Each structure stands twice: as C-alpha cells, then as structure tokens.
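> make a model of this:
(2 chains)
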Amino acid sequence: EPEVTQTPSHQVTQMGQEVILRCVPISNHLYFYWYRQILGQKVEFLVSFYNNEISEKSEIFDDQFSVERPDGSNFTLKIRSTKLEDSAMYFCASSGAGIGNQPQHFGDGTRLSIL
Amino acid sequence: LAKTTQPISMDSYEGQEVNITCSHNNIATNDYITWYQQFPSQGPRFIIQGYKTKVTNEVASLFIPADRKSSTLSLPRVSLSDTAVYYCLVGDNFNKFYFGSGTKLNVKP
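Next up is the predicted model:
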C-alpha cells in the first residue's frame, strides 16, 4: 500500500539555524499538508498546498516558514531561523482531493529538536 | 471555524464496544468528518470518513446525526492493541483542518 514517507526521522539543530524537512507524498495525490505536534499536545495544522501554491495557512505558519515542491515527488518544509519553540513532531500528509473529499494520509513524522 | 471537542480519555476492557463522540458545531456544508488513530511516535492513521448518517468499514462505524454537529466513532470488540489516541478531523470553509484534542483510549485486559 502506498504511503507518505518523511526524512529524516529525527533532526537536531542549533537555534537560529535553517532546517529543511522532507516528505514524499503518495504519488498520485494532488494536495499536500504540513502539521506539527508539540510533545503532549494536539496535532496543529500549518499549511496546505495545491497546484504549486499555498492554499491556506494557519497563524503558526509565519514568515519563518516556507514550503516548496521542488520536483515531481518531494514536498519540503523550511524553517528559516529556528527557535526553541519550534521543537515538535512535524507531519506531512497528502490527499487525492482537498477539503474532506478524500482522507489525508500521514507520514510518521520528523522529530525536530532545537538546542 | 470548525473546531472540535472530544473527551480527554476513556477506559474500556477487551471485547467491549467503545463509542467516542466528537462535537463540531461549526462544520461547513461540504465538509466531511474523518477519524484518525495515533500511536506514540507515529503519524495519525486513517480509520473512517463520513458525511452524514452511518458509515461502516472493516474496523469501525461512524454515526452522524442529521444536524452534523457531532459524530460518534464506534469500535466493536476492542483489543489491547486499540489503546491509542483517537482524533476527529473536520475541514472548514477556508481549507484549514482542525484536529480535536484527541481521546486517549485505554483498553484493559
């Protein structure tokens, strides 16, 4: 069964450094998403992406964050200058169609630790 | 905004049926309701999705009343491996998806 894959599984970065989290969505999916989950808290929406542009973003997704689909398979989340509070699990998801028509399928996440 | 509310935790015993309810008062007309299961250090796993009335698959049933302001996930005959956090997901008109706070289900032997 096709699945969403994320790399790396764990990323440790110094505060202020840039970090790029990578995702390979399911191949025939068209909609892509990033979420984060701070330890012990609920999953929070960051951004949705369709047709090479951001469809929607949450208040968390400020100017320090960016997303890109650099080729036909990868979907990346970049944090420009990391802060301690960016430490969290980051999940990528993809779906065949947006807004609830098809379920989103999630990867197993990247644990980001900011020192 | 279609935010959701769920019980924080539930306990059950192996073999019992478990029902978890989610409230979503501001659900949009075209939104679907989706439930996910999450184990520690893993991403959410899709369980079931519905729009109204009842949906059933091989692992669960989903009951949605006519006003769609709530939904109930039903897990028949739970086992120890069903111990996890369960989330309901509803999309709103602005393409933002809100997870509920999650219900931690603890299945005891």
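
> up against chain A, what does chain B have?
B:30-34, B:36, B:38, B:41-46, B:49, B:87, B:89-91, B:94-102 (Cβ under 8 Å from any Cβ of the partner chain). Backbone N, C-alpha and C define where each C-beta goes, glycine included.

> ok, longest strand in chain B?
strand B:84-91 (DSSP state E).

> can you list the weak-confidence ranges in chain A?
A:1-2, A:97-101 (pLDDT under 70).

> if we can go back for a sec, pairing partners for the longest strand of chain B, with directions?
Its sheet considered, strand B:84-91 pairs with strand B:33-38 (antiparallel), strand B:97-99 (antiparallel), strand B:103-108 (antiparallel) by DSSP bridges.

> let me have those in a markdown table, adding mean neighbour count, distance to B:Pro76 and mean pLDDT as columns.
Below are the strands paired with strand B:84-91 laid out as a markdown table (neighbours: other Cβ atoms under 10 Å in any protein chain shown; distance: least, Cβ to Cβ, whole Å; pLDDT from 0 to 100):
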| stretch | mean neighbour count | distance to B:Pro76 | mean pLDDT |
| --- | --- | --- | --- |
| strand B:33-38 | 24 | 14 | 92 |
| strand B:97-99 | 22 | 24 | 74 |
| strand B:103-108 | 17 | 13 | 96 |
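
> any chance of these in CSV with distance to A:His10 as columns?
Output for the strands paired with strand B:84-91, formatted as CSV (distance: least, Cβ to Cβ, whole Å):
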stretch, distance to A:His10
strand B:33-38, 18
strand B:97-99, 23
strand B:103-108, 24
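
> so which of those is nearest A:Asp62?
Nearest of these to A:Asp62, taken as Cβ to Cβ: strand B:97-99 at 18.7 Å.

> what comes into contact with the closest one?
A:33, A:35, A:42-45, A:48, A:104, B:1-4, B:36, B:44, B:87-92 (Cβ atoms under 8 Å, 6 or more residues apart in numbering or on different chains).

> try it again with 7 Å
A:42-43, A:45, B:1-4, B:87, B:89-91 (Cβ atoms under 7 Å, 6 or more residues apart in numbering or on different chains).
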